[in-house]
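Trainee: 3D model of this:
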Amino acid sequence: MLAPVDLHAQGPRVSRLLLGAWRLAQSRLDNAGIRNLVAAAIDVGITTIDHADIYGDYACERLFGAALIDAPDLKRQVQIVTKCGIKLRSQLRPEHRVKHYDTSRAHIIASAENSLRFLGVERLDLLLLHRPDPFMDADATAAALDELVASGKVAHIGVSNFAPSQMDLLGSRLRAPLTTNQIELSVLQLAPFTDGTLDACQLRRMAPMAWSPLGGGRLFAEGDAHARRLRDTLYRIGQKKNGASIEQMAYAWLLAHPARIVPVLGTSKIERLREAARAIDLDLDRQDWFEIWQAAAGNEVP
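Mentor: Down below sits the predicted model:
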């Protein structure tokens, strides 16, 4: 069973791995299948579900809420994360002439209220701004987020894909603290280790979330020489760790980092959830970690 982690000193407490719902629509799971997936995740300690209003062309929150409407016992055991701020071009949103970002008060409040209704919950455990908005009015955005927290509709707030300076700007206007930054991070995406993103999280004592922790599937691309080199290294080290799989080693590498990285799993396969959960038991020492870093970077550290 995975032990939970506090994203921030003021919360929230989430599972050490998250179940990402962004592929829920394309998984074609029916209501029973979604409930089985959530129950299997809970069984191994994955109790936090990552959503966004736009996932599945605005469908995934509705699908999840419909599946759990008759499963209050499951709903009580999960924590809900969702995101807002992106407006997609979609047949469901004919007023969107162009894909754009919207961090206005009106959109943030409306999006949060829609998520509550679609997901069938009374409070969102964590609401994230999905992308930094170059047209953001920091005062108005912060006021909307603080209003949602004060109303009890949202327990905690955070961001996704924000640079340190963007976190500084928004954080300077907020009463409630930012509790996480969900970023692209994997053995194939090393930039946050060196561009100040993870430093900013440690400075704030917030645990970051990692989306695409397997490089969006690229780790297993047959024609990718970089990915093949990484697979060879992960496999070799995994053999010394009781035969851990390449996938487990990729998760373990993130989990070992002192920033307390929380990977977001993109699978809807129950066995892959169980395999991922076993990565928490893998013990990587500092040299293991840097050996994988070297394979990922393509060279020794300076």
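Trainee: which stretches in the stretch 101-250 of the chain count as helices?
Mentor: Listed in chain order, the helices of the stretch 101-250 of the chain (DSSP state H, counting those that start in this stretch) span residues 105-119, 138-151, 164-171, 191-194, 197-203, 225-239, 246-255.
Trainee: just say which of those helices is most tucked in.
Mentor: helix 246-255 (a mean of 24; mean count of other Cβ atoms under 10 Å). In short, each C-beta sits where N, CA and C put it, glycine included.
Trainee: quick one: low-confidence ranges for the stretch 101-250 of the chain?
Mentor: Applying pLDDT under 70 to the stretch 101-250 of the chain flags no residue at all.
Trainee: as TSV, the helices of the stretch 101-250 of the chain with distance to Ser15 would be great.
Mentor: Formatted as TSV, these follow (distance: least, Cβ to Cβ, whole Å):
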stretch	distance to Ser15
helix 105-119	17
helix 138-151	22
helix 164-171	23
helix 191-194	21
helix 197-203	18
helix 225-239	23
helix 246-255	12
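Trainee: so which of those comes closest to Pro4?
Mentor: helix 246-255 (13.4 Å; Cβ to Cβ).
Trainee: what's the closest one in contact with?
Mentor: The contact list for helix 246-255 (Cβ atoms under 8 Å, 6 or more residues apart in numbering) reads 16-17, 185-187, 210, 213-214, 219-220, 231, 234-235, 237-238, 241, 244, 261, 263, 272, 275-276, 278-280, 282, 284, 289, 292.
Trainee: how about the helices of the stretch 101-250 of the chain, which one is nearest Arg35?
Mentor: Closest among the helices of the stretch 101-250 of the chain, using Cβ to Cβ: helix 105-119, at 14.3 Å.
Trainee: in the stretch 1-150 of the chain, which spans are strands?
Mentor: 5-6, 13-14, 18-20, 48-50, 79-84, 86-87, 100-101, 126-129 (DSSP state E, counting those that start in this stretch).
Trainee: among the ones you listed, which is nearest Ala59?
Mentor: Using Cβ to Cβ, the nearest of the strands of the stretch 1-150 of the chain to Ala59 is strand 79-84, at 13.5 Å.
Trainee: who are the packing partners of the closest one?
Mentor: strand 13-14, strand 48-50, helix 105-119, strand 126-129 (3 or more Cβ pairs under 8 Å, 6 or more residues apart in numbering; DSSP states H and E).
Trainee: export the ones you listed as TSV, with columns for distance to Lys83.
Mentor: Below are the helices and strands packed on strand 79-84 laid out as TSV (distance: least, Cβ to Cβ, whole Å):
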stretch	distance to Lys83
strand 13-14	15
strand 48-50	8
helix 105-119	9
strand 126-129	4
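Trainee: to Thr82, which of the ones you listed lies closest?
Mentor: Among those, the nearest to Thr82 by Cβ to Cβ is helix 105-119 (4.8 Å).
Trainee: please name every helix or strand in contact with the closest one.
Mentor: Using 3+ Cβ pairs under 8 Å, 6+ apart: helix 105-119 touches helix 60-68, strand 79-84, strand 126-129, helix 138-151.
Trainee: of all the ones you listed, which lies closest to Thr197?
Mentor: Nearest of the helices and strands packed on helix 105-119 (Cβ to Cβ): strand 126-129, 14.9 Å.
Trainee: what lines up beside the closest one in the sheet?
Mentor: Partner strands and pairing direction for strand 126-129 (DSSP bridges) are strand 79-84 (parallel), strand 157-160 (parallel).
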